[in-house]
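*Asks:* What follows is a predicted structure for the sequence shown.
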Amino acid sequence: MPVTVATHNGPFHADDVMAYALIRTFYDAEACIVRTRDPDRIDGADIVIDVGGVYDPSLQRFDHHQAAYTGPLSSAGMVLEWLTDRGQIEPALAKRLRTRLMDYVDAVDNGRVAPIQGVPCYPSLVDALNQPASTLDEFDSAFLVANEMAFAWLAGLKSEHDQIRAAEIRIPQAMAEAVEAGRNVIILEEYLTWKAAYFANGGATHPTEFTLFPGSDDSWKVVAIPPKFGDFAQKRSLPEAWGGLSDEELEAATGVPGSVFCHKNLFIAVFQTREAAITALRTHGLFER
């Protein structure tokens, strides 16, 4: 049976919304929520977040409002720590979740940081979702909307983490393959978040200048590698004659059918096929060192 998660009813905050999303993402995707202040219903829940006056991970109780708790965590941080200790979240991912999101949620909820007015941060977005509600039922409905946002955000952060881990393995291999083949193009058969791993493995001095990988629409993209991580420059730009062209005009400039688009700043070009991309690069002296 799905676990039952209890939290308080009425207005909600970023921490209780995110705590429930963490449980759904890493513990029980079918976990059901009970929003109440009835002590009997709270006591009967499998997991209790942000209500109940108890912080005891062994009992799956995660409230931070009582005077007995003097730590820095909100219910979201408590649940993240519990799931990590249980082995539901690997430590590297837990660290990413803390630094990218949870530390800020904890700090805002406990009054250590105030959201900046005009900046659409996560706690502010959650607060906005409260505003149309005026009855307990309306707050319950709005909580579920907010939770879907949090659930999607966690899915994105987890996917990003998985891609980075995969890139840490694959990118050094691809860099070595390019050197062995005598080409200045890294070829990936699937898209990876490649830049961090590339520069962590000596990319600034590596002889490669372009990365070739498939797009989500079955196209193939050529991206000019920057000289350092986060830079908008390129080690070597795509040909000036390609800049800002698309379709027939770009085909005429490259001499290759299947040329689709080249950005005017010469850092990315798109081709219909892998073969078209390689042919265009090779024809213009951009494929071999």
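*Replies:* Structure received.

*Asks:* Now do the longest helix along the chain: which elements does it pack against?
*Replies:* For the chain, the helix with the greatest residue count under DSSP state H is helix 136-181. Helix 136-181 is packed against helix 14-26, strand 32-35, helix 91-97, helix 122-130, strand 185-187, helix 195-200, with contacts defined by 3 or more C-beta pairs under 8 Å, 6 or more residues apart in numbering; DSSP states H and E. (Each C-beta comes from the backbone N, C-alpha and C, glycine too.)

*Asks:* same thing but 7 Å
*Replies:* Helices and strands touching helix 136-181, by 3 or more C-beta pairs under 7 Å, 6 or more residues apart in numbering; DSSP states H and E, are helix 14-26, helix 91-97, helix 122-130, strand 185-187, helix 195-200.

*Asks:* Kindly calculate the angle that it makes with helix 122-130.
*Replies:* For helix 136-181 against helix 122-130, the angle by axes from the mean of the first three to the mean of the last three C-alpha atoms, to 10 degrees is 140 degrees.

*Asks:* quick one: helix 136-181 to helix 14-26, angle?
*Replies:* Going by the same axes, to 10 degrees, helix 136-181 is angled at 60 degrees with respect to helix 14-26.

*Asks:* From the chain's centroid, how far away is helix 136-181?
*Replies:* Its chain's C-alpha centre and that of helix 136-181 lie 4 Å apart, by C-alpha atoms, centre = their mean, to the nearest Å.

*Asks:* If you average the pLDDT over that helix, what comes out?
*Replies:* Helix 136-181 shows a mean pLDDT of 96.

*Asks:* Could you do stretch 89-106 as well?
*Replies:* 97.

*Asks:* Tell me how many other residues surround the closest residue to residue 193 other than its chain neighbours.
*Replies:* Excluding the flanking residues, the one nearest residue 193 by C-beta to C-beta, 6 or more residues apart in numbering is residue 163, at 4.5 Å. When counting by other C-beta atoms under 10 Å, one arrives at 17 neighbours for residue 163.
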